[in-house]
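Trainee: sequence and predicted structure are below.
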Amino acid sequence: MPMVRLKDIAQLVGVSVMTVSKALRNEPDVSVATKAKIKKLAQDMGYVPDSSAQGLRTKTTKLFGLLIPSTTNPIYARIVFAIEERAYELGYDLLIAHTLNQSEREDASLRRLLSRRVDGLFITPVYRFEAEARIYQEIAARKTPTVLLGPPAPFCKNFPAIEIEELVASYNVTKHLLGLGHKRIAYFTGPPAAPWAHERFEGYRRALRETGIEVDDKLVFQSGNTLEDGTKAALQMLNEGCRPTAVQTVSDLVAIGCAETLLSQGIRIPEDISLAGFGNVLTAEFYRVPLTTVRQPKFRLGVAAVETMMSLIRGESIQLKRLPAELEIRRSSAPPKP
């Protein structure tokens with residue numbers, strides 16, 4: 001079916017193309033009757049405005065680029081939903097790409113989004129140890145408004161970041177377990193290059209030290225951020241026989257992976273070992289042992305990201321604050337066996 005043009009509508013109404021264009025943009029210098037006639041005809045004919053042509057006129061594309069590790073990670077579902085909702089209300093569309101936590105894919109995806117002349121970028125960075133990353137220098141040189149979803153690292157420190165109180169939230173989880181009477185609390189750490197993982201581990205360390213307990217390296221296990229990582233770390237913990245009374249993990253997915261391993265070995269939660277996660281993904285609440293965790297304000301993070309983006313686009317100064325994250329106590333944590 002051929003595309004309906006402004007010219008086609010103009011011929012049928014008997015007005016100029018300029019009048020049709022003004023009527024569809026709701027400009028005041030077209031009579032109410034003519035405007036109504038043009039809009040009705042445009043709707044009946046299935047007219048869709050050419051956004052690329054509009055973009056050439058206005059120097060904007062009304063597109064945002066969004067780059068996240070993967071939509072299979074449930075943490076991002078609510079954040080993406082919030083960003084898309086607010087963007088939609090503001091008249092923007094969203095182009096979404098995944099990095100799969102690979103820096104080469106991040107580079108390629110960002111260049112593709114930049115080639116589409118997006119009006120702004122939302123990025124969950126692929127964290128790396130290097131102090132610089134060329135693609136982030138390119139974004140800064142192009143002056144593309146950019147908001148980070150997560151804490152900044154040295155290579156992306158010049159961009160505004162939407163964060164939560166990672167350290168305080170993790171500290172509160174450890175304090176909760178200590179308050180129940182646990183003294184041997186194992187910790188499953190996150191990806192070594194991720195600042196949020198360091199902050200969560202630091203919260204755990206700080207709570208232990210305040211209580212006069214030194215961190216025992218034998219109780220700290222390197223994991224990542226997936227179910228499989230939690231399973232592996234739990235198997236390692238069981239094989240090493242370090243016998244903690246509680247396990248605190250860097251994320252809910254790691255906690256659930258750990259829980260599956262413990263339960264399959266006949267270890268009861270929380271009767272034998274208490275367990276706590278971080279994030280409050282939907283599965284955490286409805287897992288067979290509902291998980292004590294941190295309620296990450298995912299929807300509010302997404303809304304705050306769009307508000308920050310609009311401030312950048314308008315050239316306003318940005319007041320960033322970290323969002324609080326509350327402890328959610330469920331059945332997976334209880335006092336240790338006497």
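Mentor: Perfect, I can see it now. Numbers count the residues shown, from 1 in each chain.

Trainee: so where do the strands sit in the stretch 51-200 of the chain?
Mentor: For the stretch 51-200 of the chain, the strands defined by DSSP state E, counting those that start in this stretch occupy 63-68, 93-98, 120-123, 146-149, 161-162, 185-189.

Trainee: quick one: the third one to chain centroid distance?
Mentor: What it means is strand 120-123. Going by C-alpha atoms, centre = their mean, to the nearest Å, the spacing between the C-alpha centre of strand 120-123 and its chain's C-alpha centre is 11 Å.

Trainee: what of the last one?
Mentor: Here strand 185-189 is found 24 Å from its chain centre; the criterion is C-alpha atoms, centre = their mean.

Trainee: got the contact list for that strand?
Mentor: With contacts defined as C-beta atoms under 8 Å, 6 or more residues apart in numbering, strand 185-189 is touched by 174, 177-178, 197, 201, 204, 208, 219-223, 229-230, 233-234, 237, 242, 244-250, 254-255, 258. To be clear about C-beta, it is placed using only N, CA and C from the backbone, and glycine gets the same treatment.

Trainee: rerun at 7 Å
Mentor: 174, 177, 197, 201, 204, 219-223, 230, 233, 237, 242, 244, 246-250, 254, 258 (C-beta atoms under 7 Å, 6 or more residues apart in numbering).

Trainee: list the contacts of residue 292.
Mentor: By C-beta under 7 Å, 6+ apart, the neighbours of residue 292 are 276, 328-330, 332-333.

Trainee: by neighbour count, which of those wins?
Mentor: Neighbour counts for the contacts of residue 292, by other C-beta atoms under 10 Å, peak at residue 276, which reaches 27 neighbours.

Trainee: give me the phi and psi angles of residue 273.
Mentor: Main-chain torsions, residue 273, degrees, to the nearest 10: phi -140, psi 130.

Trainee: my read: it touches residue 263, true?
Mentor: No: contact between residue 273 and residue 263 fails when scored by C-beta atoms under 7 Å: they sit 10.1 Å apart.

Trainee: compare those two (neighbour count), which wins?
Mentor: Counted by other C-beta under 10 Å, residue 273 and residue 263 do not tie: residue 273 has more neighbours, with 25 against 13.

Trainee: could you measure from the more buried one over to residue 203?
Mentor: 20 Å (C-beta to C-beta, to the nearest Å).
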